[in-house]
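> Just to be clear, the model below is a prediction. Sequence and coordinates:
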Amino acid sequence: MLENLNPQKVFKYFEEICNIPHGSGDMEKIADYCVNFAKSHSLKFVRDNADNVIIYKNATKGYENSEPVILQGHLDMVCQKTEDKNIDFTNDGLDIFVDGDFVKARGTTLGADNGIAVAMVLAILDSNECSHPPIEAVFTTDEEIGMVGAMKLDMSLLSAKKMINIDSEEEYAVTVSCAGGSDFQVTLPVNRVKKYGTEITVTLKGLKGGHSGIEIDKGRVNANILAGRFLNHLNNSTDFDIISIDGGNKGNAITNLCKIRFCVNNIDSFINCAKNYIDVIKNEISEREKEFEATISVGTKAEFDVFKNEIKDNLIYSLLCVPNGVVEMSASIKGLVETSLNLGILTTDTDKVTMLFTLRSNKKSAHIALEDKLKGFFSKIPCTIEVSGHYPPWEFKDNSELQNLYKKVFTEKMGYEPKIEAIHAGLECGIFYSAIDGLDCISIGPNLFDVHTVNEKMSISSTEKIFNVLISLLAEFV
């Protein structure tokens, strides 16, 4: 289907990859494919217990004394489908097609993130025409569920000090830094007493939400943090008890809904106070959160197990005063959020309230300082803290030789300079950067749109351009 597109080998391998099930957590078949490729081309390879595959190719003539380079992408894709699409992602390939300048998949994600990287690298390994230094082609697994494969990779298998990651989604940019992160979980013990009253549920909703890395600086309101402000106002103005509070189900998403269940005696006073303050909030945030609304529903009269007053006070203190959002902007890269945090999940169980924050920073020291700040903040109330899921940042390297070389080649081939970009989200580059002393790294890629959705598409012309830039770049490694 794609064999008539140029460059032919890239699209040939991409189509073959699309025919192989390779959703996150289902890596065996795609790893087999890479191993069989290496065997059929008489190339040395390593496959580890995590199904990561490294394929080695010697330098072409004239490049024997050049330093090696890592070409890297990940093997897994995010599997999403439309409600009416009949597909078994563990056994079936994708139904891909060409629509003008785009490759798409019918009813599913396309997996160009990151199948196109694998296809480009295989095309280079298969070529007898392009000039290049020794290549260490690294295909990692389960990137989409926490960069699991890269975390498990034995970096001593690699000798290169330069790496080209092909997991970016905009042809005009070259990424030179990414954030590290961790999950910071706080558990507040909940002691309850029985109270008789009317159940009232207030739901704060309609907020934009979004990705806690990419959209953290867009002024989007976090529903869990807004709930703290709302509760504090009510606490100063009327009487109530709390039955539960819940908001968000993903740590890395800005929460767009929070539901609070109250036990109330003076219904009119509570509702009037709540409505008046909701109007205040609406007027304040209407320009950036046009769809915000709050619903108030009155339930039955009964006896409820509610938070003790000191637990209620601890919760309100936490939500009202805890830092959230942008902590620091970068002094090196204009417009880059350097450090941030997001209260993505807030849940109530019978005996506890759990808060899960996603922390990010493009600097390791700033990340540690933010963890210490939160530990200090929560030391003032009874709670337990658990920090997990650490992944390292890829710190910006000024005067990077590889970055400057890519800028030169890109400008010559494309006719304009690439945008130097850093992202406030994780890339596998951070793991390689932290494990390989002195690594010089960039991340590039063709134009991809709506990745991780059923509307995902890949630009054919952009793929050709970036592949040609990559070939020209490798030829500069003399």
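Looks like it came in fine. Residues are numbered from 1 along each chain as shown.

> need the strands for the stretch 101-250 of the chain, in chain order.
Ranges of strands in the stretch 101-250 of the chain, per DSSP state E, counting those that start in this stretch, are 102-105, 135-140, 162-165, 173-178, 180-189, 192-205, 210-211, 241-247.

> Would you reformat those as JSON lines and include mean pLDDT?
Below are those laid out as JSON lines (pLDDT from 0 to 100):
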{"stretch": "strand 102-105", "mean pLDDT": "98"}
{"stretch": "strand 135-140", "mean pLDDT": "98"}
{"stretch": "strand 162-165", "mean pLDDT": "98"}
{"stretch": "strand 173-178", "mean pLDDT": "95"}
{"stretch": "strand 180-189", "mean pLDDT": "96"}
{"stretch": "strand 192-205", "mean pLDDT": "98"}
{"stretch": "strand 210-211", "mean pLDDT": "87"}
{"stretch": "strand 241-247", "mean pLDDT": "98"}
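
> Same list (these) but as a markdown table, adding mean neighbour count.
Where you see a C-beta, it was placed from the backbone N, CA and C, and this is true even at glycine. What follows is the strands of the stretch 101-250 of the chain, written out as a markdown table (neighbours: other C-beta atoms under 10 Å):
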| stretch | mean neighbour count |
| --- | --- |
| strand 102-105 | 22 |
| strand 135-140 | 25 |
| strand 162-165 | 24 |
| strand 173-178 | 24 |
| strand 180-189 | 20 |
| strand 192-205 | 17 |
| strand 210-211 | 16 |
| strand 241-247 | 22 |
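
> With distance to P418 added, can I get the ones you listed in CSV?
Converted to CSV, these look like this (distance: least, C-beta to C-beta, whole Å):
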stretch, distance to P418
strand 102-105, 22
strand 135-140, 22
strand 162-165, 13
strand 173-178, 5
strand 180-189, 24
strand 192-205, 41
strand 210-211, 23
strand 241-247, 40
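
> Out of those, which gets nearest to T255?
With C-beta to C-beta, the closest approach to T255 among these belongs to strand 241-247: 4.9 Å.

> Can you check what angle separates the closest one from strand 192-205?
Interaxial angle of strand 241-247 relative to strand 192-205 (axes from the mean of the first three to the mean of the last three C-alpha atoms, to 10 degrees): 40 degrees.

> residues contacting the closest residue to K457 other than its chain neighbours?
Using C-beta to C-beta, 6 or more residues apart in numbering and skipping residues adjacent in sequence, the residue nearest K457 is F102, 4.2 Å away. F102 makes contact with 449, 457-460 under the criterion C-beta atoms under 8 Å, 6 or more residues apart in numbering.

> Kindly state the beta-bridge partners for the closest residue to A227 other than its chain neighbours.
Take A227 and drop its neighbours on the chain: the residue closest to it by C-beta to C-beta, 6+ apart is C258, 4.4 Å away. With DSSP bridges applied, C258 shows beta-bridge pairing to L204, G247.

> And for I420?
Note on I420: beta-bridge partners by DSSP bridges are V174.

> could you redo the contacts of F102 as JSON lines and give each row secondary structure and pLDDT?
JSON lines is the format used below for the contacts of F102 (DSSP: H, G, I helix; E, B strand; the rest coil; pLDDT from 0 to 100):
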{"residue": "F449", "secondary structure": "strand", "pLDDT": "95"}
{"residue": "K457", "secondary structure": "strand", "pLDDT": "97"}
{"residue": "M458", "secondary structure": "strand", "pLDDT": "98"}
{"residue": "S459", "secondary structure": "strand", "pLDDT": "98"}
{"residue": "I460", "secondary structure": "helix", "pLDDT": "97"}
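
> Quick one: end-to-end distance for stretch 408-428.
For stretch 408-428, the separation between the terminal residues is 25 Å (C-alpha to C-alpha, to the nearest Å).

> What's the mean pLDDT across it?
For stretch 408-428, mean pLDDT is 94.

> What is the distance between the helix or strand of the chain with the lowest mean pLDDT and the centre of its chain?
Ranking every helix and strand in the chain by mean pLDDT, DSSP states H and E puts strand 210-211 at the bottom, with a mean of 87. Computed by C-alpha atoms, centre = their mean, to the nearest Å, the chain-centroid distance of strand 210-211 equals 9 Å.

> tell me which strands and helices it is in contact with?
Counting contacts by 3 or more C-beta pairs under 8 Å, 6 or more residues apart in numbering; DSSP states H and E, strand 210-211 packs against strand 253-254.

> counting contacts, what elements does the strand it packs on pack onto?
Judged by 3+ C-beta pairs under 8 Å, 6+ apart, the packing partners of strand 253-254 are strand 210-211, strand 337-349.

> residue contacts, the closest residue to S244 other than its chain neighbours?
Nearest residue to S244 in three dimensions, chain neighbours excluded: T348, at 3.8 Å (C-beta to C-beta, 6+ apart). T348 makes contact with 190, 244-246, according to C-beta under 8 Å, 6+ apart.

> Can you spell out the domain ranges of this protein, please?
Following automatic domain parsing, one finds the domains of the chain at 8-179+394-475, 182-391.

> And S472, how close does it get to F14?
Separation of S472 from F14 (C-beta to C-beta, to the nearest Å) stands at 21 Å.

> Compare those two (neighbour count), which wins?
Shown here are S472 and F14; by other C-beta atoms under 10 Å, F14 has more neighbours (27 against 17).

> quick one: which of the contacts of T348 is nearest to Y172?
Using C-beta to C-beta, those come closest to Y172 at D246, 41.5 Å.

> which residues touch that closest one?
Contact analysis of D246 by C-beta under 8 Å, 6+ apart lists 258-259, 346-348.

> Now with 10 Å, please.
Shown in contact with D246 (C-beta atoms under 10 Å, 6 or more residues apart in numbering): 203, 224, 227, 257-261, 345-349, 353-354.

> Quote the end-to-end distance of stretch 150-170.
Length of stretch 150-170, first residue to last, C-alpha to C-alpha: 23 Å.

> Now find how far off-centre it is within its chain.
On the basis of C-alpha atoms, centre = their mean, stretch 150-170 sits 18 Å off its chain's mean C-alpha point.

> just checking, what packs against the helix or strand hosting Q403?
Using DSSP states H and E, Q403 maps to helix 401-414. Packing partners of helix 401-414 (3 or more C-beta pairs under 10 Å, 6 or more residues apart in numbering; DSSP states H and E): strand 162-165, strand 173-178, strand 419-423, strand 440-443, helix 460-475.

> about what we covered before: got a pLDDT number for the residue nearest to S244?
98.

> now it, which residues is it bridged with?
Residues in a beta bridge with T348, per DSSP bridges, are V353.

> How much space separates it from S182?
Between T348 and S182 the distance is 24 Å, computed by C-beta to C-beta.

> coming back round to it: possible to save the contacts of F102 as CSV with distance to K61 and neighbour count?
Shown next, in CSV, are the contacts of F102 (distance: C-beta to C-beta, whole Å; neighbours: other C-beta atoms under 10 Å):
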residue, distance to K61, neighbour count
F449, 40, 16
K457, 39, 20
M458, 33, 27
S459, 34, 19
I460, 32, 21
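
> does H22 really touch T109, like I thought?
No - counting by C-beta atoms under 10 Å, no contact exists between H22 and T109, whose distance comes to 11.3 Å.

> residue ranges of the helices in the chain, please?
Under the criterion DSSP state H, helices of the chain are mapped to 8-18, 28-40, 112-126, 148-152, 223-237, 267-285, 309-321, 364-378, 401-414, 429-435, 460-475.
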